[in-house]
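just coords:
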DNA sequence: AAGGCGGGGCA
DNA sequence: TGCCCAGCCTT
């Protein structure tokens, strides 16, 4: 077995890290949480709090979407101590619209843990970072490499794609994970942080999902994907599963004072602890609407609109209520900025002209 | 190992 | 419309 491991090791293809770094030194993207390669060469180090915050926000989220949120968070909470001291509800308000709200809950829990268990200083190794909430294989490696040049493999969707093309991998990335990891780990140079960011920039600007600008790519000379004549054939897409469509009802309840009724969702599941307009369960078959607070809802309500959000088809009702309601609060229609309203419920309110 | 999570942008 | 984006967590 040891011999087999040795043989496999000798067969692992390497990425030309020198070529990648030379390209990065000229073409690095400037981002607010980043230290440029030139400043890095002078000894400048990135702020681990900024790097961590940006990495969490960037999970399955584009840079364009993250910019404003990063600016707002660092303005409100300049340090991890500030973030840890903030109420979770305030963090959810600021996160509203960015999606994947478990990230916001884990973000806050992680800040609290860093302050409570690490003296307000982020751990320096990928292994220790990996134990914090919301930090997995990718994010732990990214922080350790970018902040401390730990020579770990940093593998995100960009790197998966670059390597899948570079090696012309015949199977979906999920099945090729060990080979991708071995290849990247085998290639990490001492400038591990710049290398990690370079590979991601390469995937974002040259070796992009639907466009490969091979003429400008530092890896082109050895790229097997290019040699096949169709690098865009990689990575091979996984089989996609059908998702059932779900149906639900949402109620826009307004009182005579022109306020709208909102409430907080439960602590588990979809959009946990976020603000919502009251509604029904979401089921696979279309349900007759039932609203717990108003027995004769159908006498005072009317359908405003029906729209689809992901796999959810939502029917929006307008309801007038003149009695106090429990389990929620009445909000000024013009002051929804202070609510932890996900995009879904902002869409609901927008159908009634409330924004 | 697979599925759920949420939203925006772009071809 | 479908796919992708600096993935993580749960079952």
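Perfect, I can see it now. Note that the structure is predicted; figures quoted are calculated from it, not measured.

mind checking the backbone torsions on residue A:329?
phi -150, psi 160 (degrees, to the nearest 10).

who's in contact with it?
If you count contacts by C-beta atoms under 8 Å, 6 or more residues apart in numbering, residue A:329 has them with A:261, A:262, A:263. For the C-beta atoms, the positions are set from N, CA and C on the backbone; glycine is no exception.

which residue does chain A bring closest to DNA strand B?
Proximity of chain A to DNA strand B (C-beta to the nearest atom of the strand) peaks at residue A:342, 2.8 Å away.

Return the member of the contacts of residue A:329 nearest to DNA strand C.
Using C-beta to the nearest atom of the strand, residue A:263 comes nearest to DNA strand C of the contacts of residue A:329, at 24.2 Å.

How many residues are close by the closest one?
By other C-beta atoms under 10 Å, the residues close to residue A:263 number 16.

buried set for stretch A:164-183?
Neighbour counts over stretch A:164-183 (16 or more other C-beta atoms under 10 Å) mark A:164-169, A:173, A:176, A:179-183 as buried.

Same check on stretch A:346-354?
Using 16+ other C-beta under 10 Å as the test for burial, stretch A:346-354 gives A:346, A:347, A:348, A:349, A:351, A:352, A:354.

The helix or strand in which residue A:128 is found: which residues count as buried?
Here residue A:128 sits within helix A:126-129, counting by DSSP states H and E. Neighbour counts using 16+ other C-beta under 10 Å place A:126, A:129 of helix A:126-129 among the buried residues.

so what does it touch, helix or strand wise?
Applying 3 or more C-beta pairs under 8 Å, 6 or more residues apart in numbering; DSSP states H and E, we find helix A:126-129 packed against helix A:137-148.

So which elements touch the helix it packs on?
With contacts taken as 3+ C-beta pairs under 8 Å, 6+ apart, helix A:137-148 sits against helix A:48-57, helix A:126-129, helix A:192-205.

Tell me if whichever helix or strand comes after it is near DNA strand C.
Under the assignment DSSP H and E, the closest C-terminal helix or strand after helix A:137-148 is helix A:157-166. Yes - counting by C-beta under 7 Å from any atom of the strand, DNA strand C has neighbours in helix A:157-166: A:157, A:158, A:161.

Could you count how many residues lie near the first one?
When neighbours are defined as other C-beta under 10 Å, residue A:157 has 15 of them.

hey, which helix is longest across chain A?
In chain A, taking DSSP state H as the definition, the longest helix is helix A:102-118.

now that one: how far from the chain's centre is it?
From the chain centre to the centre of helix A:102-118 is a distance of 16 Å (C-alpha atoms, centre = their mean, to the nearest Å).

pLDDT for the residues of helix A:157-166 next to DNA strand C - can I get that in JSON lines?
Putting the residues of helix A:157-166 next to DNA strand C into JSON lines (pLDDT from 0 to 100) gives the following:
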{"residue": "A:157", "pLDDT": "96"}
{"residue": "A:158", "pLDDT": "96"}
{"residue": "A:161", "pLDDT": "96"}
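
Which member of these is positioned nearest DNA strand C?
Of the residues of helix A:157-166 next to DNA strand C, the one sitting nearest to DNA strand C (C-beta to the nearest atom of the strand) turns out to be residue A:157, at 3.4 Å.

contacting residues for that closest one?
Residue A:157 makes contact with residue A:203, according to C-beta under 8 Å, 6+ apart.

Tell me the spacing between it and residue A:313.
Per C-beta to C-beta, to the nearest Å, residue A:157 is found 29 Å from residue A:313.

Now the residue nearest the centre of chain A: closest residue in space, sequence neighbours ignored.
Closest residue to the average C-alpha location of chain A: residue A:59 at 2.7 Å, with C-alpha atoms, centre = their mean. For residue A:59, ignoring the flanking residues on the chain, the nearest one in space by C-beta to C-beta, 6 or more residues apart in numbering is residue A:103 at 6.2 Å.

Next, count neighbours for that neighbour.
Neighbours around residue A:103, by other C-beta under 10 Å: 19.

close enough to count as contact, it and residue A:53?
No - counting by C-beta atoms under 8 Å, residue A:103 stays clear of residue A:53, with 10.7 Å between them.

before we move on, back to that, who touches the residue nearest to residue A:59 in this structure?
By C-beta under 8 Å, 6+ apart, the neighbours of residue A:103 are A:56, A:57, A:59, A:95, A:134.

Isn't the last one up against residue A:111?
No - counting by C-beta under 8 Å, residue A:111 is not a contact partner of residue A:134; they are 10.0 Å apart.

neighbour-wise, which of the two wins?
residue A:111 (28 against 20).

Looking at the record's assignment, how would you partition chain A?
Per automatic domain parsing, the structural domains of chain A span A:11-233, A:246-350.

In terms of mean pLDDT, which of those ranks lowest?
Mean pLDDT is lowest for domain A:246-350 out of those, coming in at a mean of 84.

Pull up the distance across that one, start to finish.
Domain A:246-350 has an end-to-end distance of 21 Å (C-alpha to C-alpha, to the nearest Å).

Spell out which parts of chain A neighbour DNA strand C.
So far as C-beta under 7 Å from any atom of the strand goes, chain A lies against DNA strand C at A:29, A:31, A:33-34, A:54-55, A:58-63, A:100, A:102, A:106, A:133-140, A:142, A:156-158, A:161, A:197, A:200-201, A:203-204, A:209-210, A:237, A:240.

swap the cut-off to 6 Å and go again
Residues of chain A lying near DNA strand C by C-beta under 6 Å from any atom of the strand: A:31, A:34, A:54-55, A:58-63, A:100, A:106, A:133-139, A:142, A:156-158, A:161, A:197, A:200, A:204, A:209, A:237, A:240.

No further questions, thank you.
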